[in-house]
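Q: structure for the following, please:
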Amino acid sequence: EACVAMMKGGSKTFFAASRLLPPRIRMASIALYAFCRVADDLVDEALPGQAPLDVLRERLDAIYAGIPQDHVEDQALSMVVQQYELPRHFLDALIEGFAWDAKGRTYNSIEDVHDYAARVAGSVGAMMCWIMGPQQASTLARACELGVAMQLTNIARDVGEDARNKRIYLPLEWMRQEGLDPAVWLAKPECSPAVQRVINRVLDEADRLYKRSMAGIAELPRDC
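A: Residues are numbered from 1 along each chain as shown. Next up, the predicted model:
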C-alpha cells in the first residue's frame, strides 16, 4: 500500500499502466518499480561526497540476504525477490546504468547507447517478464529489447531537457556526421534540421526494436 501511494504521487503514468496488469502481477511490479524509482532519485539527488551507489549495493546485499533495511521499498522488493527468485544481476545492471548517469557519461555510437539503455531500461523489461512468468532466454531478450526501444524513445523526446541539464544521450558520431560538434552544441543547444535528423535516426532504431520485441509478447501469459 505504501508503494502504491508512492507511485500515485510520483509515477502517475506507470501507476495507470499497472492497473491493466492482473492482480497477481500488479503488486510485485509496483514493488519493483518503487525500488527502481527510489534508487534513481537517490543517485540523481546525491550531494558531493556522498556515495549513493555504495548505499544501493549495501541495500541490495541486505535484500538478497533476506534481511532488508527499514525502507518500505526494500521490504517490498525483498518479498518479490523471495517469491519470484528474481536474479540479482538484473538489478546490478540497473544500478550500473545509474552510475553511468552519475558520471555524466556520453555515448559515441548507437551500440554504446544500446549498452546504456540495456542497463537502465532493458533490465526492467527483463525483470517484468521474469515476474510475469516466461524465464527462457529468448523471451527475456525480447523484453530487454522492448525496454531499450522505450528508452530510445525517451532519449528522442528529452533531447532539449537533457541538454539544459548538460547531458547528451544522442550518438556523438551521428551528430558529427551531420556537421555538429557535440561540445559546441551542448554549450548552446538549439533545435535544427541536423539535430532532427539525428533524432529521427534514433526513433528509427527504436521502431526496429519495437518490431523485434513483438515476437516475445505472444509468449507472455494471456492475462498479461
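
Q: show me what whichever strand or helix holds M150 is in contact with.
A: M150 belongs to helix 137-157 when assigned by DSSP states H and E. Applying CB atoms under 8 Å, 6 or more residues apart in numbering, the contact partners of helix 137-157 are 113-114, 116-118, 120-126, 128-130, 134, 162, 169-170, 199, 202-203, 205-207, 209-210, 212-217, 219-220. The C-beta positions use only the backbone N, C-alpha and C, and glycine is treated the same way.

Q: pLDDT below threshold where in this structure?
A: Applying pLDDT under 70 to the chain flags residues 9-10, 49.

Q: how about 80 then?
A: 1-15, 44, 46-50 (pLDDT under 80).

Q: can you pull out the helices in this protein?
A: Here the chain has its helices, by DSSP state H, at 2-10, 12-18, 23-44, 52-64, 72-84, 88-102, 110-117, 123-132, 137-157, 159-164, 172-177, 182-187, 193-217.

Q: of those helices, which is nearest C224?
A: For the helices of the chain, the distance to C224 is smallest for helix 123-132, at 4.6 Å, taking CB to CB.

Q: off-centre distance for the closest one?
A: Centroid displacement of helix 123-132 relative to its chain, using CA atoms, centre = their mean, to the nearest Å, is 11 Å.

Q: try stretch 120-138
A: So, by CA atoms, centre = their mean, the centroid of stretch 120-138 is 12 Å from its chain's centroid.

Q: list the buried residues of that stretch.
A: 120-132, 134 (16 or more other CB atoms under 10 Å).

Q: what does stretch 45-57 give?
A: Buried-residue list, stretch 45-57, by 16+ other CB under 10 Å: P52, L53, L56.

Q: residues in contact with that stretch?
A: Residues contacting stretch 45-57 (CB under 8 Å, 6+ apart): A39, L42, V43, I95, F98, A99, A102.

Q: now render those residues as JSON lines, adding distance to L77 and neighbour count.
A: Shown next, in JSON lines, are these (distance: CB to CB, whole Å; neighbours: other CB atoms under 10 Å):
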{"residue": "A39", "distance to L77": "10", "neighbour count": "22"}
{"residue": "L42", "distance to L77": "14", "neighbour count": "16"}
{"residue": "V43", "distance to L77": "17", "neighbour count": "19"}
{"residue": "I95", "distance to L77": "13", "neighbour count": "21"}
{"residue": "F98", "distance to L77": "16", "neighbour count": "20"}
{"residue": "A99", "distance to L77": "19", "neighbour count": "15"}
{"residue": "A102", "distance to L77": "21", "neighbour count": "13"}
